[in-house]
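# Here you go, sequence then predicted model.
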Amino acid sequence: MTDRTHKSAIEVRDVSKVFGSGDSPFRALDHVSVDIRENEFFTLLGPSGCGKTTLLRMIAGFTYPTDGEIRLHGEDIAALPPYRRPVNTVFQSYALFPHMTVGENIAFGLEMLDRPKAEIAKRVEEMLALVKMGHLKDRKTAQISGGQQQRVALARALAPQPKVLLLDEPLSALDYKLRKDMQIELKRLQTETGITFIFVTHDQEEALTMSDRIAVMSAGKILQVGGPRDIYDRPAERFVAEFIGETNFLTAEVVSVAGDKADIVLPGGTRVTARLPEGFAPAGKVTVVTRPEHAAITANPEGAHLRGTLASVVYVGTDTHFHIALESGESFCVRRQNSLEQGTPLAEGDVVGVVLETGAAQVLKD
């Protein structure tokens, strides 16, 4: 296992990027700051146009910031051209040379760096072993599958031993099963090499599966940074809660605040304890978020946290989703994993209760 430390590999300090000028400039990045640690798998996650690829291109040197600093291991690299940065990039298209073999593609970057032939040959063999493609060394890249081409692109990028590897949605062209396999493979490669990976995606499942930490971006800003569980279970803002998985939103009233928790009154009058975003001390009405799998549905609404009428029951194979119209007028979804013993059957129109797990409620800033 790679030794994980909190020493920074990349430091982004108050970086902005403005395209165009005059009356209608476009601010692609808006005073973004983030530290990316050595030896971690860090993901920039967000919808199209949020600024994640612009930030990646700045780290690579393909785009320069309008304002701010980008540091690599303490050195300001914001003005350095790409070829002078110890980083490599894997693009969506892979950009392999189809007339070259797998081995020749992996060797190409090392040859451009004028490495000795013996060193190149040794490094190519090491990379082929790492991506488990030694048997295809002499095959032309035009004659191998998409998943194999992606492995070659990764091997070529890793061969010069960059300090940071940038990955711009490299799985987007693969089918679902191959994407799942490559998610595991990417995490294995990052762990074995100890290189900092910075991965760009709009796919929340990819981010949750592979990342040590995730930065959720929207409209040129980073809204929240944290581990997968933090981002999923403790979203700080509504956009983060909506973008990462399915969720329920409830309007509640704050009774008291103590540290990182608040006593709140849910719709219907039940009082529970909810978690708070860091440094947030709300008062009055707030929005509370609860994940569908962190609640249970019961045919007996007495003593439940919420009460309503079962509007629909949706079977999706591994789970069943129960959509409930609460007495407050809000809607709520409970997700229950399917098993051979389902207990009391429930039908549309039944009056039901919802019981929240301890710690399931999270207050949002907005």
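Yep, that arrived. Residues are numbered from 1 along each chain as shown.

# buried stuff in the lengthiest helix in the chain?
Longest helix in the chain by number of residues, with DSSP state H as the criterion: helix 176-193. Residues of helix 176-193 classed as buried by neighbour count (16 or more other Cβ atoms under 10 Å): Leu178, Arg179, Met182, Gln183, Glu185, Leu186, Lys187, Leu189, Gln190, Thr191, Thr193. The C-beta positions use only the backbone N, C-alpha and C, and glycine is treated the same way.

# May I have the following helix or strand past that helix exported as PDB, CA atoms only?
Going down the chain from helix 176-193, the next helix or strand is strand 196-201, by DSSP states H and E. Coordinates of each C-alpha in strand 196-201 appear next as PDB, following Å, rounded to 0.1, in the frame of the first residue of the first chain:
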ATOM      1  CA  THR A 196      -1.000  11.700  -7.700                       C
ATOM      2  CA  PHE A 197      -3.900  11.100 -10.000                       C
ATOM      3  CA  ILE A 198      -6.300  14.100 -10.800                       C
ATOM      4  CA  PHE A 199      -9.400  12.700 -12.500                       C
ATOM      5  CA  VAL A 200     -12.100  14.800 -14.200                       C
ATOM      6  CA  THR A 201     -15.600  13.300 -14.600                       C
END
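
# now for strand 196-201, which elements pack on it?
Helices and strands touching strand 196-201, by 3 or more Cβ pairs under 8 Å, 6 or more residues apart in numbering; DSSP states H and E, are strand 8-19, strand 26-37, strand 41-45, helix 52-60, strand 164-168, helix 176-193, helix 204-210.

# Deepest-packed of the ones you listed, please.
Ranked by mean neighbour count under mean count of other Cβ atoms under 10 Å, these are led by strand 41-45, which reaches a mean of 26.

# give me phi/psi at Met133?
phi -130, psi 20 (degrees, to the nearest 10).

# helix or strand for the residue lying closest to it once chain neighbours are set aside, which one?
The shortest distance from Met133 to any non-neighbouring residue, by Cβ to Cβ, 6 or more residues apart in numbering, is to Arg151 (5.7 Å). Using DSSP H and E, Arg151 sits in helix 146-158.

# and that helix, what other elements does it pack with?
Here helix 146-158 touches strand 87-90, helix 102-112, helix 117-130, helix 176-193, going by 3+ Cβ pairs under 8 Å, 6+ apart.

# Let's have those in JSON lines, adding distance to Glu11 and mean pLDDT.
Formatted as JSON lines, these follow (distance: least, Cβ to Cβ, whole Å; pLDDT from 0 to 100):
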{"stretch": "strand 87-90", "distance to Glu11": "14", "mean pLDDT": "90"}
{"stretch": "helix 102-112", "distance to Glu11": "26", "mean pLDDT": "92"}
{"stretch": "helix 117-130", "distance to Glu11": "29", "mean pLDDT": "92"}
{"stretch": "helix 176-193", "distance to Glu11": "20", "mean pLDDT": "87"}
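
# Using JSON lines, lay out the ones you listed together with distance to Glu75.
Below are these laid out as JSON lines (distance: least, Cβ to Cβ, whole Å):
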{"stretch": "strand 87-90", "distance to Glu75": "12"}
{"stretch": "helix 102-112", "distance to Glu75": "22"}
{"stretch": "helix 117-130", "distance to Glu75": "25"}
{"stretch": "helix 176-193", "distance to Glu75": "21"}
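
# neighbours around the residue nearest to Leu136 when sequence neighbours are not counted, how many?
In space, and not counting its chain neighbours, Leu136 is closest to Val102: 5.1 Å by Cβ to Cβ, 6+ apart. The tally of other residues near Val102 (other Cβ atoms under 10 Å) stands at 29.

# Val102 and Ala142, how far apart?
With the distance defined as Cβ to Cβ, to the nearest Å, Val102 ends up 11 Å from Ala142.

# what sits against the nearest residue to Lys7 once chain neighbours are set aside?
Distances taken as Cβ to Cβ, 6+ apart put Glu38 closest to Lys7, at 4.9 Å, once the chain neighbours are dropped. By Cβ atoms under 8 Å, 6 or more residues apart in numbering, the contact list for Glu38 reads Thr5, Lys7, Ser8, Ala9, Thr196.

# And for the second one, the neighbour number?
This points to Lys7. Burial measure for Lys7: 11 neighbouring residues, criterion other Cβ under 10 Å.

# Just the pLDDT at it, thanks.
Note for Lys7: predicted pLDDT of 89.

# and Thr11, how far is that from Pro82?
One correction, residue 11 is Glu, not Thr. Per Cβ to Cβ, Glu11 is found 19 Å from Pro82.

# quick revisit: okay, the angle between the helix holding Arg151 and strand 164-168?
Counting by axes from the mean of the first three to the mean of the last three Cα atoms, to 10 degrees, helix 146-158 points 150 degrees away from the direction of strand 164-168.

# just checking, Ser48 touches Val200?
No - taking contacts as Cβ atoms under 8 Å, Ser48 lies outside contact range of Val200: 11.1 Å.

# Looking at these two, which has the bigger crowd around it?
Neighbours per residue (other Cβ under 10 Å) separate Ser48 from Val200, with Val200 holding more: 22 against 7.

# need the contact list for Ile198.
Neighbour list for Ile198: Ile10, Ile36, Phe42, Thr43, Leu44, Leu56, Ile59, Val164, Leu165, Leu166, Leu167 [criterion: Cβ under 8 Å, 6+ apart].
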